[in-house]
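S.K.: What follows is a predicted structure for the sequence shown.
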Amino acid sequence: MKTPRVAVILCTYNMARYLPEALESALGLRYPELDVVVVDDGSTDETPELIRSKYRDRVRYVRQANQGLFAARNAGAAAAPEADYYSIMDADDRIHPLKVWDEVAFLERHPHVVFCFSNLVSFRADSDNSWLVWQGRDLLGGDEAWGEIANPIEKIAKCNAFTSVATIRAAALRAVGFYDDTLRCSGDMDLAIRITRVGGFGFINKPRYFWRCEDQGMTSYVRDRILVYMRIFEKVWQDPAGYRPGELLLLKQFEGECLSRGLRGIVRGKYDPQLLEYIGTKMRAEGYRMAGAKVWLAKAIMALGLAPFLSAWGARRQRNRRNRTKKADMEAILRDLTPCFDRVSP
């Protein structure tokens, strides 16, 4: 049986200081039919020279004018049209040698599943701590080593999107029209929602992706992100075909949660405060519960100058939650070369 061909799509923008580490991990993948595609989205640092001097014959290099992350990923897919699967990574991260092997093996054994992702280890260069981002019981309902995710839209709402770290079936990506390159952010969430219409999600409950959590990459914060969220949901309501009634209900609830997150983000200084009235109007128009009270409370907190205290409290709460999470020893994980599956073919 023919081994499926995989293209690792690595997009970069002024990430030359991290790029060698990312590339060496991608080139070190233990998978026989592999291409590494580097899309340089208009970098102004030494990225072109780095590729020419060290990686010219080892990767496919695509350089384009700066168009944003999702246009770059689409360009990476276009540069490898023969691929059966696309595996996505960022230029400041690292991947485990068996990531692609395990994910492709799962996809090959489950033809109705369209993309598969592995657990994340989040780390910072200035810290000795690292932590697992997802708990298997949250995504699979138990501590299984792998499995198909039930109710994927519910999991997208609770656990964030997964397509930024997934291996995706090329046919499925073509079927939904690739990434929406008109979105400045949250294109991963958009793709994850749309791709549920054509197949299921698989999860490998082993740390296979190492995510540098320092907010310095191509996905840095956008202060009007809530407007992008609303655009994503508008696309769902304009074209609801393919979603089951229960999924549409979940998406409506998810939209309300995004509006509530927007309020909290404004209070904590993450989003543009001028969007407060927009959120309030949207919540009232959609009939969300306690919309007026939530907006009034947000305004009161900001007027009383309590926002910095709430922001600090939220940051402490997040750190404590991470400290209670089982810490992952990255070196031990890298030494663990035990695959979930002993072969790629089904």
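M.R.: Thanks, I have the structure now.
S.K.: Remind me which helix or strand residue 343 belongs to.
M.R.: Residue 343 is part of no helix or strand, with elements assigned from DSSP states H and E.
S.K.: Show the model's pLDDT score for it.
M.R.: Looking at residue 343, its pLDDT stands at 74.
S.K.: So what's the residue count around the closest residue in space to it that isn't next to it in sequence?
M.R.: Spatial nearest neighbour of residue 343, excluding adjacent residues (Cβ to Cβ, 6 or more residues apart in numbering): residue 105 at 6.9 Å. Where C-beta positions appear, they are placed from N, C-alpha and C, glycine not excepted. For residue 105, the count of nearby residues is 25 (other Cβ atoms under 10 Å).
S.K.: Then residue 24?
M.R.: Applying other Cβ under 10 Å, we find 13 residues neighbouring residue 24.
S.K.: how distant is the top helix by length along the chain from the center of its chain?
M.R.: With DSSP state H setting the assignment, residue counts place helix 245-267 as the longest helix in the chain. How far helix 245-267 lies from its chain's middle: 18 Å, per Cα atoms, centre = their mean, to the nearest Å.
S.K.: How about stretch 44-55?
M.R.: With Cα atoms, centre = their mean, you get 26 Å for stretch 44-55.
S.K.: which outside residues touch that stretch?
M.R.: If you take Cβ atoms under 8 Å, 6 or more residues apart in numbering as the criterion, stretch 44-55 is touched by 12, 14-17, 19-20, 23, 38, 40, 59, 61, 63.
S.K.: cutoff 6 Å now
M.R.: Residues outside stretch 44-55 that contact it (Cβ atoms under 6 Å, 6 or more residues apart in numbering): 14, 16, 40, 61.
S.K.: Same check on stretch 97-105?
M.R.: Contacts of stretch 97-105 (Cβ under 6 Å, 6+ apart): 4, 6, 28-31, 85, 87, 116, 118, 167, 204, 208, 339-341, 344.
S.K.: and the residue nearest to residue 343, that's in a strand?
M.R.: No. Counting by DSSP: H, G, I helix; E, B strand; the rest coil, residue 105 falls outside a strand, being helix.
S.K.: Check it and give its pLDDT.
M.R.: 95.
S.K.: which one of the contacts of stretch 44-55 is nearest residue 239?
M.R.: Checking these against residue 239 by Cβ to Cβ gives residue 40 as the nearest, at 33.2 Å.
S.K.: count of neighbours near the residue lying closest to that closest one once chain neighbours are set aside?
M.R.: Spatial nearest neighbour of residue 40, chain neighbours left out: residue 63 (4.4 Å); criterion: Cβ to Cβ, 6+ apart. When neighbours are counted by other Cβ under 10 Å, residue 63 registers 14.
S.K.: Would you confirm that residue 63 belongs to a strand?
M.R.: Yes. Per three-state DSSP, residue 63 lies within a strand segment.
S.K.: State the distance from it to residue 79.
M.R.: 11 Å (Cβ to Cβ, to the nearest Å).
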